[in-house]
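Asker: Any chance you could fold what I've pasted below:
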Amino acid sequence: MNGIRNDHNILYSGIFQNAAEIAMDWEVPNADTGTQTWARVPYTGSTEQAVITADNALTLTVGTWVSGVTGSGLSAIGAVQKTEGGSADKLSVLDIPFILEDSFRQVGFRVVKPGAFVGAVVDINETMDGSCGGSARFVGTGDDQTGDISGTFRFNNYCEEDIIINGQGELSGIIDLFSDELVFYHFIFTDMTILFGNQSVTLEGRIRVSYLASPSFMVLSYVYTDNNTGVSYWLKDLVVEMVEGFDYVDITDLMGRYYDPDEGYAEIEIEESIRLYDDDLWPSSGKFFLVGAEGNQGGNTMTSLEFLSETSFLVEADTDGDGAYDDYSSGNQLWPELQ
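Answerer: Numbering: from 1, shown residues only. All right, here's what the predicted structure looks like:
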């Protein structure tokens with residue numbers, strides 16, 4: 001892959017136009033960046049690299065995949081919230097971006113058409129209803145010669161798949177004028193609230209997606225705060241490389257950084273391609289791992305999460321830095337049984 005690397009050695013494969021766009025992201029908590037509408041990172045937890053132990057390996061790996069978005073459902077193992085009926089309320093790292101994208105894809109397809117207007121730049125004002133309530137509205141402009149769109153996206157109790165979104169953000173993107181497909185977008189948001197079951201979180205950050213070539217890429221970088229506890233988590237510069245099949249998505253590359261407020265951060269990398277079928281809540285195969293601080297044997301401490309089936313997974317860890325995942329094993333875990 002060819003592209004620009006940031007200070008964490010994360011390759012963006014040309015998703016960003018230049019180094020200045022990388023600088024849009026937060027670099028140091030509580031430091032002025034001067035490049036965003038907000039000046040400080042709204043993350044208040046530990047910023048030290050985590051030493052991975054038998055006590056935190058499960059918390060960090062599961063927390064990475066659910067991205068802390070489970071908020072008030074986090075328990076000693078940092079996983080999910082059970083409802084009274086026994087089913088698990090849980091969001092994966094891809095749920096929020098995909099739901100947002102579904103609403104973005106409804107913008108401008110009937111408006112931005114080649115030669116449909118006298119002038120190239122036209123006003124767009126569209127409202128779409130959520131499948132389970134609420135609405136979303138886009139107010140902005142579109143270029144009927146290039147497919148470029150930009151404007152403000154507002155969510156008012158917008159509900160999809162029992163996830164309710166409130167708040168707004170700035171959306172820019174490109175629509176392919178011949179296929180009517182959204183092929184690129186960048187969404188910057190502050191104070192966007194997500195409600196799911198008993199969970200309530202506030203998100204601040206950005207999502208950037210490109211379908212201009214295969215594989216497609218998604219970059220997620222945001223802080224999410226549990227509104228019940230005030231605790232914040234940080235998913236920084238997570239680059240997701242995706243290949244879509246008939247009824248599944250393969251995640252072929254995964255790299256970035258996850259900050260846990262108590263444990264600190266770990267670097268995210270992929271070991272085996274992760275497959276997620278359209279009708280499943282969780283991947284059925286694949287493996288990713290986290291790299292922590294140095295252990296007493298001189299190497300980095302590490303932990304991995306392997307998806308065994310659409311309902312089960314296994315976490316293992318190297319807690320002394322000797323290069324072997326032989327210090328901790330969670331045994332087979334079932335997503336629906338975590339609480």
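Asker: What's the local residue count around the closest residue to residue 152 other than its chain neighbours?
Answerer: Leaving aside its sequence neighbours, residue 152 sits nearest to residue 139 (CB to CB, 6 or more residues apart in numbering; 5.5 Å). In short, each C-beta sits where N, CA and C put it, glycine included. Residues lying near residue 139 (other CB atoms under 10 Å) number 14.
Asker: In terms of helices and strands, where is residue 165?
Answerer: strand 163-175 (DSSP states H and E).
Asker: Now do whatever helix or strand comes next after that strand and strand 163-175, the angle between them.
Answerer: Once the chain leaves strand 163-175, the next helix or strand it forms, by DSSP H and E, is strand 182-196. Interaxial angle, strand 182-196 versus strand 163-175 (axes from the mean of the first three to the mean of the last three CA atoms, to 10 degrees): 170 degrees.
Asker: Give me the helices and strands touching strand 182-196, please.
Answerer: helix 95-104, strand 163-175, strand 199-210 (3 or more CB pairs under 8 Å, 6 or more residues apart in numbering; DSSP states H and E).
Asker: would TSV of the ones you listed with distance to residue 273 and mean neighbour count be doable?
Answerer: Below are the helices and strands packed on strand 182-196 laid out as TSV (distance: least, CB to CB, whole Å; neighbours: other CB atoms under 10 Å):
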stretch	distance to residue 273	mean neighbour count
helix 95-104	18	19
strand 163-175	27	20
strand 199-210	19	22
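Asker: of all the ones you listed, which lies closest to residue 124?
Answerer: The closest of those to residue 124 is strand 163-175. By CB to CB, the value is 10.5 Å.
Asker: Show me what the closest one is packed against.
Answerer: By 3+ CB pairs under 8 Å, 6+ apart, strand 163-175 packs against helix 95-104, strand 135-143, strand 148-160, strand 182-196.
Asker: Let me have those in CSV, extended by mean pLDDT.
Answerer: What follows is these, written out as CSV (pLDDT from 0 to 100):
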stretch, mean pLDDT
helix 95-104, 80
strand 135-143, 92
strand 148-160, 93
strand 182-196, 89
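Asker: Switch the ones you listed over to CSV; also include distance to residue 45.
Answerer: Below are those laid out as CSV (distance: least, CB to CB, whole Å):
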stretch, distance to residue 45
helix 95-104, 20
strand 135-143, 31
strand 148-160, 27
strand 182-196, 19
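Asker: For residue 291, find the nearest of the ones you listed.
Answerer: Nearest of those (CB to CB): helix 95-104, 23.8 Å.
Asker: what angle separates that closest one from strand 199-210?
Answerer: Taking the same axes, to 10 degrees, helix 95-104 and strand 199-210 form an angle of 60 degrees between their directions.
Asker: which residues sit against helix 95-104?
Answerer: For helix 95-104, the surrounding residues in contact (CB atoms under 8 Å, 6 or more residues apart in numbering) are 69, 128, 136, 153, 155, 158, 160-161, 163, 165, 171, 173, 182, 185, 187, 194, 203, 207, 209, 218, 220.
Asker: Wait, residue 175 touches residue 149, no?
Answerer: Yes. The criterion here is CB atoms under 8 Å, and residue 175 meets it with residue 149 at 6.2 Å.
Asker: how far does stretch 216-228 sit from the chain's center?
Answerer: 5 Å (CA atoms, centre = their mean, to the nearest Å).
Asker: if we can go back for a sec, quick one, what contacts the residue nearest to residue 152?
Answerer: Residue 139 sits next to 124-125, 151-152, 154 when contact means CB under 8 Å, 6+ apart.
Asker: From residue 226, how far off is it?
Answerer: With distances taken as CB to CB, to the nearest Å, residue 139 is found 31 Å from residue 226.
Asker: now residue 208
Answerer: Where residue 226 is concerned, residue 208 sits at a distance of 25 Å (CB to CB).
Asker: So for residue 124, what's the pLDDT?
Answerer: On pLDDT, residue 124 comes in at 87.
Asker: Tell me how far the host helix or strand of it lies from the chain's centre.
Answerer: Element membership for residue 124 (DSSP H and E) is strand 121-129. Relative to its chain's centre, strand 121-129 lies at 26 Å (CA atoms, centre = their mean).
Asker: Starting from that strand, tell me which strands it pairs with and how they run.
Answerer: If you go by DSSP bridges, strand 121-129 pairs up with strand 135-143 (antiparallel).
Asker: For the strand it pairs with, buried residues please.
Answerer: Within strand 135-143, the residues scored as buried using 16 or more other CB atoms under 10 Å are 136-138, 140, 142-143.
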